[in-house]
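**Q** After the sequence you'll find the predicted model.
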Amino acid sequence: MKQTILFLLVASALFSCGEVEIDRYGTSDNVYFDFDDEETSDRDSVVFSFAYTPEKTSDTLYLPVRIAGLRVSHDRRFGIKVLEDSITTATSGLHYKPLEEFYTISADSGTLQVPIVLYNQDTLLQDKSVALHFMLVPTEDFGTALPHGVYAKLVFSSRLEKPDWWTGVESVFMDYSRVKHQLYLVSIGNIPLVMEGANIPYNLFIMDKFRRFLIDPFTWVQSNPDYQLDTVVEDKEYVLFSKANPATLRFKIRWDNDAQRHYFIDENNSKVLFN
């Protein structure tokens, strides 16, 4: 009986007050970096390399930003800054385009892909990676009070690493060097060679094509106008380079008296050899 009376009193009090407006969202809207777990192993990190597109002088990556809150009918802004201290090793203007002061999330939208323009003009990127560390900055429109997603990191380089398939063709390709790998990408493309089954005839054709390029780049360049050969020492030394990215994609070619032919020269100042 006491429970019934208590229920009636509460119900009576509610109905006597008329309509009650419920505040469904009482905190300020925030923004955070929203990386896809399938695209990056770390929740706050992106890794990128120019290694397989060395002819590119720049490329654009996108940092995904999402709001935690309600969508509204007008544009809103937030900020991102680079933490330019010991943890950021990339240099503004050399490795990346400076960021905008603010970025805008359009009306009725809850996400934005923030473009980060990276530059591939520093030859040191062939030997090391550089890092960019970002932090979201609060504005009048958005806070950054969430316990996660305020910071992000981008690591990039143009350094090549020995691919797994190289071991299977090492009797022909011989010792690995990054220059030899780059020359393969330039002349053949990013085509893994797997010497088994129906792949064998095609891969033998690819190997022969690469061999002919290494032996005679002078003929190859005539059919590849995106590249140019310049003379350093007449009949003795040349340089092959990409017209699109001449600052970083350059290959030395040197005459060898003993073999009576020209050889590409790798990063160790050794001849690029191929059986």
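**A** In hand now; what should we look at?
**Q** From here on, just use CA atoms for contacts and neighbour counts.
**A** Will do.
**Q** those strands in the stretch 51-200 of the chain, which residues are they?
**A** Here the stretch 51-200 of the chain has its strands, by DSSP state E, counting those that start in this stretch, at 58-68, 76-82, 103-105, 111-119, 130-137, 151-157.
**Q** Any idea which residue is closest to the centre of this structure?
**A** residue 48 (2.6 Å; Cα atoms, centre = their mean).
**Q** For that one, which non-adjacent residue is closest in space?
**A** residue 156 (4.6 Å; Cα to Cα, 6 or more residues apart in numbering).
**Q** So what's the residue count around residue 93?
**A** 10 (other Cα atoms under 10 Å).
**Q** pLDDT at it, what is it?
**A** On the pLDDT scale, residue 93 is placed at 96.
**Q** any idea how far it is from residue 120?
**A** To residue 120, residue 93 is 11 Å away according to Cα to Cα, to the nearest Å.
**Q** What's opposite residue 63 in the beta bridge?
**A** The partner list for residue 63 in beta bridges (DSSP bridges) reads residue 114.
**Q** just to revisit the earlier point, check the strands of the stretch 51-200 of the chain for me and report the most buried one.
**A** strand 151-157 (a mean of 20; mean count of other Cα atoms under 10 Å).
**Q** Name the surrounding residues that touch that strand.
**A** With contacts defined as Cα atoms under 8 Å, 6 or more residues apart in numbering, strand 151-157 is touched by 33, 44-51, 125-136.
**Q** for stretch 241-253, same thing?
**A** By Cα under 8 Å, 6+ apart, stretch 241-253 touches 54-57, 120-123, 179, 226-229, 237-240, 262-266.
**Q** at 7 Å what do you get?
**A** 54-57, 121-123, 226-229, 237-240, 262-265 (Cα atoms under 7 Å, 6 or more residues apart in numbering).
**Q** How about that stretch, which residues are buried there?
**A** 241, 242, 245, 248, 249, 250, 251, 252, 253 (16 or more other Cα atoms under 10 Å).
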